[in-house]
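Undergrad: one predicted model, sequence on top.
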Amino acid sequence: MKSFRTICQEIGNRTAVVILLPVLIGVALAGAIPALAAEEIVSTYRRVGPRIDGSLGLFEWRGLHTAAFENGFVAVCNDATRLYLLVDVLEDDVEDPRTESSSGDCISIAVDTDRDGIRTPFTDVHYHFQSGSYSLERNEYGMAGTLVPPEITYLRSSVAAGFGCFSGDNTEILYRYPLAPVCNEHRIFEIAIDLEEIGDQVYDISPDDPVRLGLRVVSLNPDVDEYFPSGWSSDFEDMLEVILAVPDDLEPADPDASLRFEELPWAVEVTQAVQDRINSLRLVEHKDTVARVYVQARRTDTPQPVNVYLYGKREGVQLPGSPISMNFMAPADIDRDRLHGTANFLLPEFWTEGVVEFRARLLDAFGYDASSDAFTVLFEPKKVPVYWIVPINSGTEAAPDLPHETTIAESESYLKTIFPIYDVRFVRRSWRDIGALDRVVEGAYVHDVLDMLDDLWAAAFVAWMYSEMTDPYNTFECPEQIYGFLADGVSGQSRPVRSGGSGAAAVGTGGSNRDTTMAHEFDHNLDRSVPGSWGRHVCNPDLAYDRDWGCNADGCDPVWPWTNDGIQETGFDTRLPWIDGLENISDHGQPFTVMPAGSNEYPDLMSYCSAGFYVPEDMTSYYAKPTRWISIYRWETLFDFFPAAEDDDSAGSPGSIRPMCYFSGTVFKNGKGMLDPVFVQPGLETKGLRPGAYRVEALGTGGQVLFSVPFHAEFETEDGLQLDKASFRFQVPRKDGIAKIVLKKKQTVLDVISVSKHAPKVDILSPAGGEVLKEAGTVFWKAHDEDGDALRYVILYSPNKGKSWHPVKWGLEKEMYRVYSSDLPGGDEALFRVLATDGFNTVYADTKGTFAVPGKGPSAFITRPQTGSRFESGELVSFEGYAQDLEDPEIPGTSCLWSLGGKVLGRGKKLTAQLPDGVHEIQLTVSDSDENAVTETVTIAVGTDNLPKQLASIVQYKHE
């Protein structure tokens, strides 16, 4: 037997096998049409061809003619310019990757381009893989069956190899739904052959002129070397005939028109939310990315049909599926601010890694072929931040009043879309983190809610410090931001470090700008510079409350580089569906995929303005959605802020953790102030405090100043609300010999904490050890202080005997606290820890023995699309969700399963699929490491407006 490498090299001198569906095909491919005669197969016309990405979506190859061969099957379809082949090698259940030293699994295709049944030198062609890759190479046959070195370096044909199990061919099915998918892994090849490359007239397909080809499939494990049809390698008479389907939707083409790229300097713009025409804005690895190709139809007044190709190359090798293609109506005048002004490609995720070279190509209806210049971009990895979401209960414990799930999901989706990060670990917390408020949160009371969220963050930070000291590989992650979501009330407030806050807490409902508010408030907090720049508002620094520039915002960014609040360059919302809002501007709240930059129509995220458009015909103004977007300035500043994936700027090493004084308190506009009891705990020194009129001083026994920390207090929120009081919070390294803590305003003493001689003592009474914590239980403890000082407490919880700690409550005054096991990670060796301070001296006690807390199932959240979303026929639908589990530190994408009608759509936190027309209920099923599962659903409409009454009412509620 010849070596495998020799066999695959021989494919370069012979031809490849066209694979047709097995006799099982009605079962193997969803919705397959019965096979025809062995030597003939009829193609099906697809306006939008399959995605050549090495993965089979449930409906991607549905309803096609198929034919079987010994080891698998083939399915075919075509559009106006390409023939698509699915070669499904069901029997190849071992992955043999192609490398420089191994040819791996491979396929080749021979095409009788002149249809004469003879291998004609310098006419008939042969497609095969380039050495060490899955990139296609095309050769003409020479004399005696040899192959002529390729002359075409950029083919219009493409291929992607895949290995796995797929819902599209029923090799991934659900039984005991939803817990147990069955997976039969195997090799597939998705191939798109350009019709002109094999002698067909593009845009002039005839069923009387079938494509004649043969396939060869080779695998090392198992041993496969199969030709289909079996005799074609020696006799081109025995080839498979593919009868092409004639397109029925071709647009007429003007023979006088001239199709050209607009290269300024590049024909392609690569955008993730906003970009300029020279592609100078940096890009994030794995973030949703759109390539906009600029093609203009000259010497005509009407848009012209053209096929546009986008090539991607890394380290000199074509990326899987390259080139991607689409049929496009090229405009006579390119308008960058319109969705249909460019040919838009949603890039496969594996195209958004490292350095990628892009190039575009066009082919018009009359055979004119042109290529653009190539250019490269770098996709940089970014660390995924952790943000906690706390729903605020404005009601009671018995009758909670909580924010609507849609509001939270829209805000999460918007933030992930506009920030230069590819993902966020959102953690949904319980409303019990701050308790039931039993009141409407508005006005000055928002300040108190922010205090509660600051307390939660302080408890989380202390828990994290103990976790890091015990086990640097612990699973608890301290949140970088905490957002309190209100059901109703204020539009948003935050606590930046420059205002004396933690820089980690914000609250809001969304207000008139709804989904943009959380991102707006986080931007305030993320800027830790003194006195603040990009975290401030976009407004006129020379005119307070300018109605045109910032819409009455104040607290202006001093380095904003323009004299208006616009995003400056065109924005692009990569989320599907893509909608040109200007086409139906009179539809109030019409979504905009492309955010116009012209005439300052779209304001930056940190403006108070909302995007609006005036319609002269009915003398009416309409708002767009989303109402604000990210400017090029903000994209770049946030890009610098978010650390690279390999960095960790959130903490030092355990060796840098030192005893800290956790200072907090309140100062009042009337000149008064008070200190909260100080907790001395492990921590990290607060950086970037803004100096101001207030200070905290530590005095020694002789009255000497051991340290003095000046800070600024702001009696106005970032959003302009006047306050009677301001909170402060920071950490300072503890020093020995502290006798007093003094709060001052300039030289005036506002409050004093005297350090007493004796530290308090604390002892946890219950649980005592050995119990199983019920859903609702109470932690009891007893504390004593010889000096008679009032005591304050913090509760922490560990599910694993102190290896990792989690926050429960900060700043308690009573010696008891009610806890709920549903809010705690399960564990068989659980502990509570109670910290006690007499104002400065701080001690802690753990439960005497471990107890058990039952494990929990996971939670699932769908952020997009929202129920009631509508998509056009054939349009891609993008699904995104996430999952969390109190015991598992992170649920991987492989444990997130999307399904429709009991059939698998795919796996992952993100999924793109093409669905048939109709109303569909999509399920996201999430399982944790203990095989607990939970399912969430979303209902959408594709190609129809006939929504069920119940769904229509949901849509109406959403718009209102």
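TA: The structure has been received and is ready for your questions.

Undergrad: can you point me to the longest helix in this protein?
TA: helix 445-470 (DSSP state H).

Undergrad: that helix: which residues count as buried?
TA: 446-447, 449-468, 470 (16 or more other C-beta atoms under 10 Å). Yep, even glycine has a C-beta here, placed from its N, CA and C like the rest.

Undergrad: can you pull the contacts of residue 403?
TA: By C-beta atoms under 8 Å, 6 or more residues apart in numbering, the contact set of residue 403 is 391, 392, 485, 486, 487, 509.

Undergrad: quick one: pLDDT of it?
TA: If you check residue 403, the pLDDT there is 91.

Undergrad: re the thing from before, can I get the contacts of residue 403 in a markdown table with pLDDT and distance to residue 645?
TA: Shown next, in a markdown table, are these (pLDDT from 0 to 100; distance: C-beta to C-beta, whole Å):
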| residue | pLDDT | distance to residue 645 |
| --- | --- | --- |
| 391 | 96 | 30 |
| 392 | 94 | 33 |
| 485 | 93 | 28 |
| 486 | 89 | 33 |
| 487 | 83 | 36 |
| 509 | 82 | 33 |
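
Undergrad: from those residues, which land in strands?
TA: 391, 485 (DSSP state E).

Undergrad: so residue 858 makes contact with residue 933?
TA: Yes. At 7.4 Å, residue 858 counts as touching residue 933 under the criterion of C-beta atoms under 8 Å.

Undergrad: overlap in contacts, the two.
TA: Counting by C-beta under 8 Å, 6+ apart, the residues touching both residue 858 and residue 933 are 926, 927.

Undergrad: quick one: which of those two has more around it?
TA: residue 858 (22 against 18; other C-beta atoms under 10 Å).

Undergrad: and the helices in this structure?
TA: With DSSP H as the criterion, the chain has helices spanning 4-10, 25-28, 405-418, 445-470, 517-526, 632-641, 949-959.

Undergrad: so residue 342 is in contact with residue 271, correct?
TA: No. Under the criterion of C-beta under 8 Å, residue 342 is not in contact with residue 271, lying 10.1 Å apart.

Undergrad: got any residues that touch both of the two?
TA: Between them, residue 342 and residue 271 share these contacting residues under C-beta under 8 Å, 6+ apart: residue 292.

Undergrad: which one of these two is surrounded by more residues?
TA: residue 342 (27 against 22).

Undergrad: what's the more buried one sitting at in phi/psi?
TA: With angles defined as degrees, to the nearest 10, residue 342 sits at phi -140, psi 160.

Undergrad: give the closest residue to it in space, chain neighbours not counted.
TA: Nearest non-adjacent residue to residue 342, counting by C-beta to C-beta, 6 or more residues apart in numbering: residue 292, 4.0 Å away.

Undergrad: try residue 247
TA: Nearest to residue 247 is residue 80, by C-beta to C-beta, 6+ apart, at 4.6 Å.

Undergrad: thought that neighbour was touching residue 205?
TA: Yes. Using C-beta under 8 Å, residue 80 makes contact with residue 205 at a distance of 7.1 Å.

Undergrad: shared neighbours, the two?
TA: Contacts common to residue 80 and residue 205, judged by C-beta under 8 Å, 6+ apart, are residue 247.

Undergrad: give me the pLDDT value at residue 654.
TA: Confidence for residue 654, expressed as pLDDT, is 53.

Undergrad: and residue 958, by the same measure?
TA: pLDDT, residue 958: 35.

Undergrad: mind listing the strands for the stretch 101-250 of the chain?
TA: 106-111, 125-129, 136-140, 158-164, 172-175, 180-183, 186-194, 211-219, 224-228, 240-243 (DSSP state E, counting those that start in this stretch).

Undergrad: between the ones you listed, which gets nearest to residue 899?
TA: Evaluated over those, closeness to residue 899 peaks at strand 172-175, with 6.8 Å, by C-beta to C-beta.

Undergrad: which residues sit against that closest one?
TA: Strand 172-175 is contacted by residues 165, 166, 167, 180, 181, 182, 183, 184, 899, 902, 903, 904 when judged by C-beta under 8 Å, 6+ apart.

Undergrad: export stretch 498-506 as PDB, just CAs?
TA: Extracted C-alpha coordinates of stretch 498-506, given in PDB (Å, rounded to 0.1, in the frame of the first residue of the first chain):
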ATOM      1  CA  ARG A 498     -12.700  61.300  40.800                       C
ATOM      2  CA  SER A 499     -15.900  62.100  42.800                       C
ATOM      3  CA  GLY A 500     -14.700  60.200  45.800                       C
ATOM      4  CA  GLY A 501     -16.600  57.000  45.000                       C
ATOM      5  CA  SER A 502     -15.500  53.400  44.400                       C
ATOM      6  CA  GLY A 503     -15.600  53.800  40.700                       C
ATOM      7  CA  ALA A 504     -17.400  50.500  40.600                       C
ATOM      8  CA  ALA A 505     -21.100  51.200  41.200                       C
ATOM      9  CA  ALA A 506     -23.900  52.700  39.000                       C
END
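
Undergrad: what about the nearest residue to residue 881 once chain neighbours are set aside, neighbour count?
TA: Leaving aside its sequence neighbours, residue 881 sits nearest to residue 862 (C-beta to C-beta, 6+ apart; 4.3 Å). Around residue 862 there are 21 other residues, counting by other C-beta under 10 Å.
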